[in-house]
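Q: Here is the input, now give the coordinates:
(chains A, B and C)
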Amino acid sequence: MEISFTVNGTSQSVEVADENTPLLWVIRDVLDLKGTKFGCGKAACGACTLLVDGEAVRSCSYPVKFAIGKKITTIEGLGTQDNPHPVQQAWIDEVVPQCGYCQPGFMMATAALLNKVPNPTDDDIDENIINICRCGTYYRMRKAIHKAAKLRAESEMNISEKV
Amino acid sequence: MAEEDNHSKQVSRRKFLVRGGLGTIGVLAIGTYIFRNNIRRELLRMVNTLEMPYADNTDKPMIWFEVTSENTILLHSPKVEMGQGTFTGIAQMAADELSVSMDQIYVVHAASATGNVDSVATGGSTSIASLWQPLRELAALLREMLLEEAARKMNVAVNQLTIEDGVISGGGKSLTYAQTTEGVEEWKVPDKPVLKNLKEYKYVGKPIARVDLKAKVYGDPIFGMDVQMPGMLYGAVVRPTKIGASFISADTTDAENMPGVVKIISEDDFVGVVAHSMIEAENAKEAIKVTWEISNEINTGAIIEMMTVGNGKSTVIQKSGEALEVEDDFVSLEFRSPIGAHAQIEPNGVVASVEGDSAIIKISTQVIGITRKEVAKRLGFDVEKVNVVPTYLGGGFGRRLHTPHAVQAAVMSKAVGKPVKYFFTRKEEFQHDMFRPPTHHVVKGKLSTEGWLTDLEHHFVSGDVGNNSALIPGFLPPIIGADIGAIRGGFIQYTKVPNYRSVYWHVDLPFATSWWRSLGLLANTFAMESFIDEMALKAGKDAVDFRLQQIGDEVIDVRLKNVIKAAAEKANYSEEITNGRAMGFAASIDAGTPCAQVAEVSIVDNEIVVHKVTVSLDPGLAVNPDQIRAQCEGCVIMGLSAVLYEQMFIENGELLPTIYGPYQMALMKNAPKEIDVILLQGKDTPGAVGEPPLGPIGAAIANAVRRLTGERLAELPLKLPKTT
Amino acid sequence: MKLKTIYTLLAISTVGLMLALGKSPNVSSYVVLNMPESKMIESEEAYGQMMDVLTHQRCMNCHPNDNIPKQGDDRHAHYFGLARGKDDTGFEATNCTTCHQSENNDYSGVPGAPHWSLAPASMGWEGLTRTEIAERLLDKSTNGNRSHEELVEHMTEDELVLWAWTPGVDANGEPRELPPVSKDKFKKAVKSWFENGAVVPTK
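A: Okay, here's the model as predicted:
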């Protein structure tokens, strides 16, 4: 069947044989957006986190049929080199990634958090940021999240479209 | 004036071969030692501190550097990047010797076709240390070759030329590197490159931002899992859920008719399926009914029994003075560590493309040379015809020192005539890991009336780490007699103690165990440093001073004492409990790099909470201090995860659990909110960084808990007794 | 008037008055009406069947008496620290629907049903006796202000409740255990119990 939705601002229409195919595989293998990662396929690690209408969703456990008519945002749409999202800028400033594989999932989860809680406390971060990082970059991530909150507040003053 | 470049916008690279003339010691040379106990022990000591040099066959020309027409340098790295920051460090080294800016250097993984494949591995915390001299020499060679050619082209004497950011100037003229390389057929390679003075370096020693930072923040498709090839299909291989299962037969009739299936591949040793998508391949795989012969339905209890000091084969790896006698009055404590999974977030996988008599293998691997040999052997191809193209690894930690899936993907690709992408599911990752082996330790000691150790012994048992690994030449383990991986951290550092002994026991386990970041260091240091702490308490002495007074005076000992003092001072180490928090101290040496840590711990709702860790490390010359800091932070958190939460079980022959969650790991909320890192420089060349900081964390936490509760937690993962 | 009649009228008017005042009477203030023996047995049976389901771990898992959802037959605390949050739906950005969708997911083993969330804290059943659970169920101040009719509707038609009978597969692909009473029997039991006055057996 044909499924249409918006990804990173662009309308997409994909042909899928099985409407229960996890959105993750459609994003990665049909639309060739590799930034969203496969880590476990069981919604346990969070590497597949993207945004559906601004809400954090683990795409390995989200059938593509539910994406019909929705606005999907992946790491590629969060920001670019020319126009980084505050979360990405903070991640760069704090030099967060090591192997880097889990990072897009964390950045998307953080973007979702800042949309709901613009100035998160450490407890807010502990509760909401529960992806897994094996390299152990959590220490730098926490700093980056606080920094991203600051950067985002600053850029909110120069209004740009909310993700 | 620089010549205008009239060529089209197409990138045209002038391949620039640099003969790598590297002297090597290498693992193989050790084979010339003869069988004598003291030689053997010396060998072990050497192996423990050996900085594995870049070891490769350097007779053939190989591509290290390419000068592009945009005047940038492509550096083909024989070491892979798995987060440990090697690419950045070597870029700094190369940029400095080549006199180019960091923006002009691009590091890429060397494909095996370039020739400079590292036939050892990326691991052992050796990459920057082993490339320090050879890489800078190669870069200096290139620089000198370019200078000589520029001098010739510009008709200016070499000593009149200066270089800045890849532009050679002198006598009122200038040429870029790119222009310099134009039209040259044969290069004269100078014999001995002249390295710059360290003081002239702009990048080495500075906290330069990672060269792969932007790629990783913007989600570029750089990992093995992201590889895409035209016409690519997807494969899956049936794997048993039980240990020691042998493949008997498979019924593939159901699978053959499933949607998207292209072909079922039945070999003697595996059954696989190739389909048009990942999901279709996995679904079809589930429909294949395999008959396994199960030899073994063991449980964790049986493993624990096997892993007991006194079982298996023993080797004395270190000794001084006399051994304790059974009748002696000594303190003896036991410690245990569990089976540990790598759990790296990118599963193992590969894309194999076989055409005719050649193959391309794109893979996250730590052992390019071995991957290549194994695929070539299975397909019956010439090794030269198998091009292994490494990708960025989504975590290595020793997991990717074995790549049998590359062989399976290659077989599947050959069968369907298309590239095949094959990845482990997370369950398969957990059940077919080559784990960190469980260990058991008996540490014994005796105090004099003044409260100093007169005797100290560490008896420990482990499964394979290095033995049976494809990396270690088969003749090596019998010579050494001990597993060189399992004994990491097993050497006693308190060499002022008159009588000490370290004895390694080896047990063969019925499931695969192998290298897990820092190898034996994590468990060995946990046992020894917990014991030392206990003895310090018994002697009524300060834990830091107790250590300092019993470490020797060799160069490495002095470096160890310096890191101990630095950590204690920075953390304001105290044996008091303040605001419900206690401090725990531990120190270790690994691969020649000493590390000391202080953990600040409290107990909240019967859970161990680590608030702060102070780390001092002496990695020698720090090529990139910020990345070294990052490795310390990462090791503290990964180590904390292993010592507080992680363990695998075996139930009825099945390794469990098979998913994150039940395999508990540290999350954001468990990471210390403060990690202080102090770097010392005890030698003027770079040493090991990636693994040494994993040593002290276990005992540092356990020692803090000891002071808080009075209880000595002796088993990993550390668990407080349940309150009612 | 006969004494019996007076008592009956008194009881009915008491109940009526209290209902009229909008207050749910206490279980103990219910008077057992003159019920034929067979109806009593039917009522007790229905109660038993209904409670067999309500006390099954599948239901208990989302009716915790602390703020932590439970998982699985062994009822371990939900992994990764998920908890009730402010609206019974988890935390602000990472909430139930980050992972749980409106139907089960066979690929990931994540269960799903419409409006997946925790039951409100007032409907926490862990550690309660059947009698105490019944109390909570019937008390409007704890049961979401539901009347008997609304309770019957909730318990026999709410998709999240009925999910118990199509619980899907776990992360290993293994089907989850079904409640000890079939869905039809459960629906009948609920209807029957309420029809017979929602009598809580005194034993």
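Q: CA atoms only: put stretch A:87-107 into CSV for me.
A: Extracted C-alpha coordinates of stretch A:87-107, given in CSV (Å, rounded to 0.1, in the frame of the first residue of the first chain):
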residue,chain,number,x,y,z
VAL,A,87,20.9,21.0,20.7
GLN,A,88,23.3,20.3,17.9
GLN,A,89,25.3,23.5,18.5
ALA,A,90,25.5,22.5,22.2
TRP,A,91,26.6,19.0,21.3
ILE,A,92,29.4,20.5,19.2
ASP,A,93,30.4,23.1,21.8
GLU,A,94,30.8,20.4,24.5
VAL,A,95,32.4,17.8,22.0
VAL,A,96,29.9,15.2,23.2
PRO,A,97,30.1,12.2,20.8
GLN,A,98,32.6,9.4,21.1
CYS,A,99,31.6,6.5,18.8
GLY,A,100,28.6,8.7,17.9
TYR,A,101,26.1,5.9,17.1
CYS,A,102,23.6,6.7,19.9
GLN,A,103,23.9,10.4,19.6
PRO,A,104,21.1,11.2,17.1
GLY,A,105,18.6,9.4,19.3
PHE,A,106,19.8,11.4,22.3
MET,A,107,19.6,14.7,20.4
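Q: That stretch: how far from the chain's middle?
A: 11 Å (Cα atoms, centre = their mean, to the nearest Å).
Q: Please see if that stretch touches chain C.
A: No - Stretch A:87-107 is not in contact with chain C by Cβ under 8 Å from any Cβ of the partner chain; minimum separation 11.3 Å. C-beta: built from backbone N, CA, C; applies to glycine.
Q: what comes up buried for that stretch?
A: The neighbour-count check on stretch A:87-107 (16 or more other Cβ atoms under 10 Å in any protein chain shown) flags A:87-92, A:94-107 as buried.
Q: Among those, which lie within helices?
A: Under the assignment DSSP state H, the buried residues of stretch A:87-107 contribute A:87-92, A:103-107 to helices.
Q: Now tabulate the residues you listed in a markdown table and tack on pLDDT and distance to B:His405.
A: Shown next, in a markdown table, are those (pLDDT from 0 to 100; distance: Cβ to Cβ, whole Å):
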| residue | pLDDT | distance to B:His405 |
| --- | --- | --- |
| A:Val87 | 98 | 34 |
| A:Gln88 | 98 | 33 |
| A:Gln89 | 98 | 38 |
| A:Ala90 | 98 | 37 |
| A:Trp91 | 98 | 31 |
| A:Ile92 | 98 | 34 |
| A:Gln103 | 98 | 25 |
| A:Pro104 | 98 | 24 |
| A:Gly105 | 98 | 24 |
| A:Phe106 | 98 | 27 |
| A:Met107 | 98 | 29 |
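Q: for B:Val261, what are its contacts?
A: B:255, B:273-275, B:280-281, B:284 (Cβ atoms under 8 Å, 6 or more residues apart in numbering or on different chains).
Q: Go again with 7 Å.
A: B:255, B:273, B:275, B:280, B:284 (Cβ atoms under 7 Å, 6 or more residues apart in numbering or on different chains).
Q: hang on, the earlier thing: of the ones in helices among the buried residues of stretch A:87-107, which pair is most distant in space?
A: A:Gln89 and A:Gly105 (18.0 Å; Cβ to Cβ).
Q: Could you check what's spatially nearest to the closest residue to chain B within chain C, not counting adjacent residues?
A: Minimum separation of chain C from chain B (Cβ to the nearest Cβ) falls at C:Tyr79, amounting to 3.6 Å. Nearest non-adjacent residue to C:Tyr79, counting by Cβ to Cβ, 6 or more residues apart in numbering or on different chains: B:Gly661, 3.6 Å away.
Q: And the lowest mean pLDDT element among the helices and strands of chain C?
A: helix C:3-20 (a mean of 57; mean pLDDT, DSSP states H and E).
Q: Let me know the next secondary structure element after that helix.
A: Past helix C:3-20, further along toward the C-terminus, the next helix or strand under DSSP states H and E is helix C:37-54.
Q: what helices or strands is that following helix leaning on?
A: helix C:183-195 (3 or more Cβ pairs under 7 Å, 6 or more residues apart in numbering or on different chains; DSSP states H and E).
Q: as a whole number, average confidence for the helix it packs on?
A: Taken as a whole, helix C:183-195 has a mean pLDDT of 95.
Q: residues in contact with B:Val411?
A: So B:Val411 contacts B:265, B:267, B:378 (Cβ under 7 Å, 6+ apart).
Q: Can I get the residues you listed in JSON lines including neighbour count, secondary structure and distance to chain A?
A: As requested, those are exported to JSON lines (neighbours: other Cβ atoms under 10 Å in any protein chain shown; DSSP: H, G, I helix; E, B strand; the rest coil; distance: Cβ to the nearest Cβ, whole Å):
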{"residue": "B:Ile265", "neighbour count": "21", "secondary structure": "strand", "distance to chain A": "21"}
{"residue": "B:Glu267", "neighbour count": "15", "secondary structure": "coil", "distance to chain A": "26"}
{"residue": "B:Arg378", "neighbour count": "18", "secondary structure": "helix", "distance to chain A": "26"}
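Q: Out of these, the closest to B:Ser99 would be?
A: Looking across the contacts of B:Val411 and measuring by Cβ to Cβ, the closest to B:Ser99 is B:Arg378, at 45.4 Å.
Q: now that closest one, nearest residue through space, not along the chain?
A: Nearest to B:Arg378 is B:Val407, by Cβ to Cβ, 6+ apart, at 4.7 Å.
Q: Could you do A:Glu156 as well?
A: Using Cβ to Cβ, 6+ apart, the closest residue to A:Glu156 is A:Pro118 (7.8 Å).
Q: re the thing from before, name the member of the contacts of B:Val411 with the shortest distance to chain C.
A: B:Ile265 (23.1 Å).
Q: Would you confirm that the closest one contacts B:Gly272?
A: Yes - in this structure, B:Ile265 is within contact of B:Gly272 by Cβ atoms under 7 Å, at 4.5 Å.
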